[in-house]
Each structure stands twice: as C-alpha cells, then as structure tokens.
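Novice: just coords:
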C-alpha cells in the first residue's frame, strides 16, 4: 500500500497520517535516496490540460545516475528523447526532426519534475514540514504536487505535478530498480544526420517545457 503526500507550494503539506509518522517517513525516504546511486524505471505518464480537458497518455523509460545524468525516453503518441549531463541537455523530437540543446541549469531547481521523481528534491530542506503544512515559494512549473510513496521500500512510486495553469503531469513508475548498473553510453547523445539542431545554451527559458 502506498502513502500519499500532498505538497502545496501555496498552502499546506498534508500527510494521510499523523505528523509524527509524516516526519519519520520523510526522513526515511530522504536517507534512502541519499544511498541510491542510480535508478532504472519504466513509467506511465498522463498529461491533463485543464482548460481543454484533454488527456494524453505516454509510456516511457527512465535512467538516472547521480549527480545528474538522465535519459528520459517516451514513445507514442509523440516520441521524445531527453539526455541530461552535467554539461548540457539534449531534447530530441523525432517527429519534428529537431534537436534542442539547453543548459543543465534548467533542471537543477528542486521544483523540476525530474528532481521530484528521482528523490533529489529534498523534502527535509526544500519544504518546511509542520503539523499544519509546508510553506514554499510557488513556481509556474510546480504549484502543487501529490506524491505516492512506498513506505517499506522507501521509494517514490508516483508524482502528480500541478502547474500555475492547473495542468497536471502525472508520472507513475510501473517498474523501479534502484542502484541498477548503467552504462555510460546511455547518457551519450549525438544528433542524427539531417536533423536540425537549435542551440539554446545561452537562453534562460527552454523552447518547450521539458518532461512533457
């Protein structure tokens, strides 16, 4: 059975349990992720647009290695490959035959989706836990987050991120293997021949929101 945690950047942090249990659970999860060096996962993603009511579903895989190496790949209906290293971000959209290159600073904020689902957003530092809630500066990409955790495995199994406009990005891990052996080649990327490369390394804003 998973426990649900509600993180609200504008309001409160609600645990579906008492505050003492909440503190202990957060502490245990944090300690566990400090020991985890890598993650290999299969996920399902649901993107819900509040204004139109549309829902898009995707399947994908995630490879993560500390300190910040990511390979995030989704299939139908819109294939996408994101490769993140300490030097750069590559965002490859095969259907559009374009690759965007960004600075890794775009995903180092604790409020980015990848920091939340890989346990790198520190609940014991980034959020102030109190009996009545938590206070945190809101950001357009994360106004509220609901996190489901496995208390026995001390792992985050699902995260639903709600942005400033009320849109929801819901990622659920179907398979999750901590400390999985990963090849360094998994985080190497060379733009395919004939594909347009848009370099945005000097821009503070990405062309499109990552992990969507």
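Specialist: Now that the structure is in, tell me what you want to look at. All of these numbers come straight from a predicted model, not from anything done at the bench.

Novice: quick one: low-confidence ranges for this structure?
Specialist: 1-23, 110-111, 123-143, 204-207 (pLDDT under 70).

Novice: those helices in it, which residues are they?
Specialist: 19-35, 113-117 (DSSP state H).

Novice: Now the longest one: buried residues?
Specialist: Buried residues in helix 19-35, counted by 16 or more other CB atoms under 10 Å: 22, 25, 26, 29, 33. To be clear about C-beta, it is placed using only N, CA and C from the backbone, and glycine gets the same treatment.

Novice: Against which helices or strands is that helix packed?
Specialist: strand 14-15, strand 155-162 (3 or more CB pairs under 8 Å, 6 or more residues apart in numbering; DSSP states H and E).

Novice: residues contacting residue 90?
Specialist: 81, 82, 83, 84, 99, 100, 101, 189, 191 (CB atoms under 8 Å, 6 or more residues apart in numbering).

Novice: Who does it form a beta bridge with?
Specialist: Using DSSP bridges, the bridge partners assigned to residue 90 are residue 83, residue 101.

Novice: before we move on, the earlier item: and the helices and strands packed on helix 19-35, which is most packed in?
Specialist: Highest mean neighbour count among the helices and strands packed on helix 19-35 (mean count of other CB atoms under 10 Å): strand 155-162, with a mean of 21.

Novice: Which residues does that one contact?
Specialist: Outside strand 155-162, the residues touching it (CB under 8 Å, 6+ apart) are 2, 29, 32, 113, 116-119, 141-150, 168-173, 176, 178.

Novice: give me that answer again for 6 Å
Specialist: 2, 113, 116-117, 119, 142-150, 168-173 (CB atoms under 6 Å, 6 or more residues apart in numbering).

Novice: now swap in stretch 42-57 and tell me
Specialist: For stretch 42-57, contacts defined as CB under 6 Å, 6+ apart pick out 58-61, 166-175, 212.

Novice: Compare these and tell me which has the most neighbours.
Specialist: Each of the contacts of stretch 42-57 was scored for neighbours by other CB atoms under 10 Å, and residue 171 scores highest at 25 neighbours.

Novice: Now do the contacts for that residue.
Specialist: 43, 45, 117, 159.

Novice: And it, how close does it get to residue 85?
Specialist: When distance is defined by CB to CB, to the nearest Å, residue 171 is 21 Å away from residue 85.

Novice: Who are the contact partners of residue 35?
Specialist: Here residue 35 is in contact with no residue (CB under 6 Å, 6+ apart).

Novice: so how far is residue 165 from it?
Specialist: Taken as CB to CB, the span from residue 35 to residue 165 is 37 Å.

Novice: what's the answer for residue 201, then?
Specialist: Counting by CB to CB, the gap from residue 201 to residue 165 is 27 Å.

Novice: Among these two, which residue is more densely surrounded?
Specialist: residue 201 (13 against 10).

Novice: distance of that one from residue 208?
Specialist: 16 Å.

Novice: ok so, going back, compare the helices of the chain and report which one is nearest to residue 183.
Specialist: helix 113-117 (19.6 Å; CB to CB).

Novice: Name the residues that touch the closest one?
Specialist: Contacts of helix 113-117 (CB under 6 Å, 6+ apart): 70, 107, 121, 159, 161, 171, 211.
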